[in-house]
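K.L.:
Quick check, what structure comes out for this input:
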Amino acid sequence: MLTVFQKKNKQKGFTLMELMVVVGIIAILALIAIPVFQSAQATSRGSKIAADLRSIDSACAVAVANGITPTAGAAGNLVSNSANNAAGSTAVAAWPDPPAAGMDVRYPGATATKQTAGTAYTIGNGTGIYRAYYGTYLVETLPKS
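P.N.:
Numbering: from 1, shown residues only. All right, here's what the predicted structure looks like:
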């Protein structure tokens, strides 16, 4: 009769081995996912650069069509502000910021490259034709996304 009323010592929780297996599986999944995630980030940075260059290039074309010599940067005449609105040279709401220096950048359809520190968007003048540049990359040198 005593055995009926005695509490049985049942196991509660997980064993150390079960927890180690779960940790191992999570580690393997992380090893697979992290490089894929970094590659996707690098590609998105490259797509942003290409899109920014196309926007700046279009802004240059609008400015030249209005008889205005485009100037680059946040203080340039392509950015929307009261002085530029009066002159009719607004084409971009704000000057785009490139990705941070030293970050991996992969242009769509290209291999990974390393961005150089201090690279910015600029406007080059090729005999009256104003084009958008990112470092040494012209907008046409980037693959279309």
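
K.L.:
wait, doesn't Asp52 sit right on Trp95?
P.N.:
No. Contact criterion C-beta atoms under 8 Å: Asp52 and Trp95 do not qualify, at 9.2 Å. Every residue, glycine included, has its C-beta placed from N, CA and C.

K.L.:
what's the overlap in contacts for these two?
P.N.:
Both Asp52 and Trp95 are contacted by Tyr121, under the criterion C-beta atoms under 8 Å, 6 or more residues apart in numbering.

K.L.:
all helices in the chain, in order from the N-terminus.
P.N.:
Taking DSSP state H as the test, the helices found in the chain are 2-5, 16-65, 82-87.

K.L.:
of all those helices, which lies closest to Thr122?
P.N.:
Relative to Thr122, the nearest member of the helices of the chain by C-beta to C-beta is helix 16-65, separated by 9.0 Å.

K.L.:
same question for the closest one, mean pLDDT?
P.N.:
Mean per-residue pLDDT for helix 16-65: 87.

K.L.:
before we move on, the earlier item: any chance of a markdown table for the helices of the chain, columns mean neighbour count and distance to Arg131?
P.N.:
As requested, these are exported to a markdown table (neighbours: other C-beta atoms under 10 Å; distance: least, C-beta to C-beta, whole Å):
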| stretch | mean neighbour count | distance to Arg131 |
| --- | --- | --- |
| helix 2-5 | 6 | 90 |
| helix 16-65 | 14 | 6 |
| helix 82-87 | 11 | 20 |
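
K.L.:
Out of those, the one nearest Ala132 is which?
P.N.:
helix 16-65 (3.7 Å).

K.L.:
ok so, going back, figure out which of the helices of the chain is closest to Met103.
P.N.:
Smallest distance to Met103 across the helices of the chain (C-beta to C-beta): 6.2 Å, for helix 16-65.

K.L.:
Determine the set of other helices and strands touching the closest one.
P.N.:
The contact analysis (3 or more C-beta pairs under 8 Å, 6 or more residues apart in numbering; DSSP states H and E) places helix 16-65 against strand 104-106, strand 121-126, strand 129-134, strand 137-138.
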